[in-house]
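**Q** for reference, the sequence and a predicted model appear below.
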Amino acid sequence: MSLVLPKAFLEASATISEAKSKIEARQQAHEALAKPVTARIDMSAEVAGAGRCPECKQPMEESHANGIPVLICKEHRIVIPMSDAPAEEQAE
């Protein structure tokens with residue numbers, strides 16, 4: 001992999017080692033400021049698979065959406081289908 005230097009570095013006559021150190025310093029500073037990403041939706045079998053809301057972990061209500069049985073959490077507007085069968089099979 002070759003190092004592509006920004007135009008500003010080339011115009012300033014920076015050496016490759018200077019450029020690498022500046023780029024690494026910026027990357028480290030960016031990584032230090034970046035917030036860790038965490039998932040708050042739990043789609044595990046113990047939560048969503050057991051009929052609980054993946055967000056608040058409270059029991060979800062049974063309902064129908066276009067004839068498909070679903071579980072809903074009105075507070076978080078989450079809908080989970082209860083069956084993997086296509087809608088055509090359920091309508092019959």
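**A** Great, that's in hand.
**Q** confirm residue 57 sits in a strand?
**A** No: looking at residue 57 with DSSP: H, G, I helix; E, B strand; the rest coil, it is coil, so not inside a strand.
**Q** ok, it touching residue 50?
**A** No: using CB atoms under 8 Å, residue 57 is not in contact with residue 50; the gap is 9.6 Å. For glycine as for every other residue, the C-beta is placed from the backbone atoms N, C-alpha and C.
**Q** for the residue most central in space within the chain, give me the pLDDT.
**A** Most central in the chain under CA atoms, centre = their mean is residue 39, positioned 6.7 Å from the mean C-alpha point. In this model, residue 39 is scored at 75, pLDDT.
**Q** what about stretch 34-41, start to end distance?
**A** 21 Å (CA to CA, to the nearest Å).
**Q** please apply the same query to stretch 41-53.
**A** Termini of stretch 41-53 sit 9 Å apart (CA to CA).
**Q** next one: it to chain centre, how far?
**A** Its chain's C-alpha centre and that of stretch 41-53 lie 17 Å apart, by CA atoms, centre = their mean, to the nearest Å.
**Q** residues in contact with that stretch: which ones?
**A** Stretch 41-53 is touched from outside by 54-55, 57-60, 71, 73, 75-76, 78, 80, with contacts defined as CB atoms under 8 Å, 6 or more residues apart in numbering.
**Q** so which of those residues is the most crowded?
**A** residue 60 (22 neighbours; other CB atoms under 10 Å).
**Q** just to revisit the earlier point, what's the most distant pair in the contacts of stretch 41-53?
**A** Largest separation among these by CB to CB: 75 and 80, giving 14.1 Å.
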